[in-house]
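A.B. asks: My questions are about this predicted structure, shown below with the sequence.
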Amino acid sequence: DLLFTEGRVDFQNVCFSYTAGKEILSEVSFTVMPGQTVALVGPSGSGKSTIIRLLFRFYDVQGGCILIDGQDIYKVKQNSLRSYIGVVPQDTVLFNDNIRENIRYGRISASDQEVEEAAVAADIHHKILSFPDGYDTEVGERGLKLSGGEKQRVAIARTILKSPRIILLDEATSALDSQTECNIQASLAKVCANHTTLVVAHRLSTIIKADQILVLHDGRIAEQGRSCST
Ligand code: ATP
Ligand code: MG
C-alpha cells in the first residue's frame, strides 16, 4: 500500500509514448510540494493530459519514475494509490446510474444531503433540480442532457465529496461564463486548500492562483516559474 504522509509529487525524467517511436513526454521532471497548487500549461497536444493520466496510473511510464511521498507509484497497489487521488478529467464520462450516485461515487458513505452540498459547491445543483426527476434522473443514452462543462462540474462535485489528498484537475477547454467560473473556483479553492493540486489550466484565473507554473512544449518542460501576482 501507499503510505501517504504529506502529498509530495515528484516526476523524475519521465519518458512516455502511446505508440512505439513517437515520444510524447521526454525527460519530464518537476516537483509539487505538499499542499501546493501547480498549473500545467502549454499548447494543445503538448502532453498535459498525459501527465495527469500517468499520475493516476492509466498507463505505465517507459523511463524515469513518478513518486508520491518518495514511493514509486508503480510499486504500490493501484487501489491504494487511487484512494488518495481525485481526478477531474478533461472529458468527463458519467456512469450509467442516476445523478446522485454519480456524485456519491466520490464517497459511497455520504448522505443525500452531503451529495447535494457538493453539487451546490460545484455549481451544478440548480441544473440538476431543473430535471423532472432531479437527483434521481438516470444518466444514460436517453437520459441527461448535459454539456461537457456541466458533466465536468458533476465530476468536480464528486471530487469535493471525496476530498482526496491529491487533486488532479484537467480543465475543460469549453468557456464558462465568468459567474460560473468564479463560483467553481471559490469551491475548488476550498477543497484544494491543504491538498496537493495539479491542474491543467486553460483559464488565466486558474494560472494566476497557482503557486507554480509549468510550461510544457512538445513533451518537455520549457519553462517553470511563479505567477507574479503574489
Ligand atoms: P489539449 O490541450 O488539447 O488537451 P494535451 O496537452 O492535454 O492537449 P495530450 O492529451 O497529453 O495533450 O496528448 C499529447 C499527445 O499524445 C498528442 O499528440 C496526442 O495526439 C497523443 N495522444 C493522446 N492520447 C493518445 C492515445 N490514447 N493514443 C495515442 N496517442 C495519444
Ligand atoms: Mg488535454
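C.D. replies: Arrived safely. Given the structure is predicted, the values throughout are model-derived calculations rather than measurements. Numbering: from 1, shown residues only. Ligands and ions are numbered 1, 2, ... in the order given.
A.B. asks: Can you name the residues bridging to the one residue sitting closest to the centre of the chain?
C.D. replies: For the chain, the residue nearest the mean C-alpha position is residue 169 (2.2 Å; CA atoms, centre = their mean). Note on residue 169: beta-bridge partners residue 88, residue 199, judged by DSSP bridges.
A.B. asks: Check which residues of the helix or strand where residue 11 lies are buried.
C.D. replies: The secondary structure element spanning residue 11 is strand 9-16 (assigned by DSSP states H and E). Of the residues in strand 9-16, 9, 10, 11, 12, 14, 16 count as buried by neighbour count, 16 or more other CB atoms under 10 Å. C-beta here means a position set from N, CA and C on the backbone, and glycine is covered the same way.
A.B. asks: Please apply the same query to stretch 78-94.
C.D. replies: By neighbour count with 16+ other CB under 10 Å, stretch 78-94 contains the buried residues 81, 84, 85, 86, 87, 88, 89, 90, 92, 94.
A.B. asks: Apart from its neighbours in sequence, what residue is nearest the second one?
C.D. replies: When you say that, I think you mean residue 84. Computed as CB to CB, 6 or more residues apart in numbering, the closest residue to residue 84 that is not its neighbour in sequence is residue 165, at 4.7 Å.
A.B. asks: Give me the neighbour count for the one you found.
C.D. replies: Per other CB atoms under 10 Å, the neighbour tally for residue 165 reads 20.
A.B. asks: and the buried residues of strand 9-16 as CSV, adding distance to ligand 1 and pLDDT?
C.D. replies: Below are the buried residues of strand 9-16 laid out as CSV (distance: CB to the nearest ligand atom, whole Å; pLDDT from 0 to 100):
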residue, distance to ligand 1, pLDDT
9, 17, 97
10, 19, 97
11, 14, 97
12, 19, 98
14, 13, 97
16, 9, 97
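A.B. asks: Tabulate the CA atom coordinates of the strand holding residue 11 in PDB.
C.D. replies: These are the backbone C-alpha positions of strand 9-16, laid out as PDB (Å, rounded to 0.1, in the frame of the first residue of the first chain):
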ATOM      1  CA  VAL A   9       4.700  14.500  -6.000                       C
ATOM      2  CA  ASP A  10       7.900  14.000  -8.000                       C
ATOM      3  CA  PHE A  11       8.300  13.300 -11.700                       C
ATOM      4  CA  GLN A  12      11.900  12.300 -12.400                       C
ATOM      5  CA  ASN A  13      13.000  12.100 -16.000                       C
ATOM      6  CA  VAL A  14       9.700  10.600 -17.100                       C
ATOM      7  CA  CYS A  15       9.600   9.400 -20.700                       C
ATOM      8  CA  PHE A  16       6.400   8.100 -22.300                       C
END
